[in-house]
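J.: here is a sequence with its predicted model. Questions after.
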Amino acid sequence: MTGFTNQLNALRGFYNTGATRSFDFRREQLQLLKASILKHEAALNAALFEDLHKSKEEVWITETGMVLSEIAATLKELKDWMEPKSVPTNLINFPGKSFLYPEPLGVVLIIAPWNYPFQLLFMPLIGAIAAGNCVVLKPSELAGATEKVMSTIIGETFNPRYILYAPGEGATVIPELMDAFRYDHVFFTGGTAVGRIIYQKAAAQLTPVTLELGGKSPCIVTSNASLKTAAKRIANVKFSNAGQLCISPDYLLVHTSVKDEFIGLLKETIVQFYGPNPITSYDFGRIVNHNHFSRLKKLMENEVLLHGGEHNEEELFIAPTIIDNPSLNAPVMREEIFGPLLPVIPYTTDEEARNMMQQHENPLAFYIFTNNKKEAAQWLQAVPFGGGCVNTTGMHYLNKHLPFGGRGNSGIGRYHGRYSFETFSHIKSVLRTTAWPDIPLAYPPLKGKLTTLKKII
């Protein structure tokens, strides 16, 4: 028995009362959550600056604003999402009627990472509340200041029998949480290595999972691209949060004919965004801790740097850095970078580019810059990926009407907006019919009915 057993059993007991199922209850919880976030908005700004050097503007765009927008959209649509939906009925079931009934899963576990510690914990929480579940929240311990503010928000808003906040060292707390209880769903955002462990633990109890992982997301700049726009839209997302973003372009494949011009524009853009000395920039973030700093520093070793490379371990600062044509076997091309290092590799033919991308199949995101619609369509069909963009990067994540998720090594499942509600719901299939008419064709003896059955079925 672990230290969480009694608390987890209390969540199950509360869920079994049916208290979480009504529309009024779900709406009220979302409204309370919104009010608490607004109350602690300044504290969240300060905490995210302390943890990751995020400006309050960046916090609004990528953390608090996203969550508040998700709550507003969910409140607007929730009643419709909860309603049973009528679907067509086949002839053999005439005169019956068919329906889809959404119901809560029960008690769910949400595990969040450190790079967007508030948004990546609260976005799935919104879906879990909307779907009528009780929830266990495991925040990242690596964003300590933000974790404390989130603890205050959850603690003052929800009874722990309904939403249980479980902070602490992930390597200790997550096994305790998962060994103590059988959840009805586990939602994990983080790295692939830990995702495999979560998946194995859940599989032992036949618990369904959503895994939001990562990988090396490629970005192609073709000879038909608007290079100046591409440079801005790539740099904007790649160097946001100091590159610690699962959907940032991990490496660029740039057509040989435009590579030199594009590199020049990319350098100009970086200086325009962050100034000649990015360590003093209001807008440029910091690496989360010394371990990640050391890892990123090693990835730069023995590489040709076209721009950046400056670093300061005391401040956990690594400048926006362009790496020129690394070997596909180099460490920077074998693992997800998750930092402000951007390898740029030239390609001549589409086949050459595809062969390079196959080293890391099923990326979480894929980006293509081209003004040729046919070329864009061909690339979108040719590359398996979770989600992506044409002529921009990362912005699909901000559209709540688009499901977000990976495939293969980059994840399982999807969420955002209605897709979050569906992830944390079970959709029951129901056929409703009447006692009359009671058609003899449906019953034995069946001999001689085959021709008629073939026509009906």
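T.: Alright, I've got the coordinates. Residues are numbered from 1 along each chain as shown.
J.: give me the phi and psi for the residue nearest to V390 when sequence neighbours are not counted.
T.: Once flanking residues are discounted, V390 sits nearest to A376: 4.8 Å by C-beta to C-beta, 6 or more residues apart in numbering. (C-beta placed from N, C-alpha, C; glycine too.) A376 adopts backbone torsions of phi -60, psi -40, taken as degrees, to the nearest 10.
J.: how about A376, what does it touch?
T.: Taking C-beta atoms under 8 Å, 6 or more residues apart in numbering, we find A376 in contact with I368, T370, V390, N391.
J.: would you mind splitting the protein into its domains for me?
T.: 5-213+407-430, 218-398 (automatic domain parsing).
J.: surely E310 meets A319?
T.: Yes. Under the criterion of C-beta atoms under 8 Å, E310 makes contact with A319 at 4.2 Å.
J.: so between these two, which is more surrounded?
T.: More neighbours surround A319 than the other of E310 and A319, with 22 against 13 (other C-beta atoms under 10 Å).
J.: just checking, that one touches M300?
T.: No. Shown here, A319 and M300 do not form a contact pair, counting by C-beta under 8 Å, at 10.3 Å.
J.: what do those two both touch?
T.: Contact criterion C-beta under 8 Å, 6+ apart; residues shared by A319 and M300: G309.
J.: phi, psi for A365 please.
T.: Dihedral pair for A365: phi -140, psi 160, per degrees, to the nearest 10.
J.: which residues touch F239?
T.: Neighbours of F239 in contact, by C-beta under 8 Å, 6+ apart: I270, F273, Y274, F284, P320, P340.
J.: in helices, which of these appear?
T.: Counting by DSSP state H, the part of these found in helices is I270, F273, Y274.
J.: any chance of a markdown table for these, columns neighbour count, distance to L105 and pLDDT?
T.: Listed next are those as a markdown table, based on neighbours: other C-beta atoms under 10 Å; distance: C-beta to C-beta, whole Å; pLDDT from 0 to 100:
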| residue | neighbour count | distance to L105 | pLDDT |
| --- | --- | --- | --- |
| I270 | 25 | 45 | 98 |
| F273 | 17 | 43 | 98 |
| Y274 | 21 | 44 | 98 |
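J.: circling back to that earlier point, now the domains of the chain in a markdown table, with distance to T451?
T.: Shown next, in a markdown table, are these (distance: least, C-beta to C-beta, whole Å):
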| stretch | distance to T451 |
| --- | --- |
| domain 5-213+407-430 | 15 |
| domain 218-398 | 43 |
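J.: which of those domains sits closest to K449?
T.: Checking those against K449 by C-beta to C-beta gives domain 5-213+407-430 as the closest, at 12.1 Å.
J.: quick one: mean pLDDT for that closest one?
T.: Mean pLDDT, domain 5-213+407-430: 97.
J.: stretch 370-381 too?
T.: Rounded mean pLDDT across stretch 370-381 is 97.
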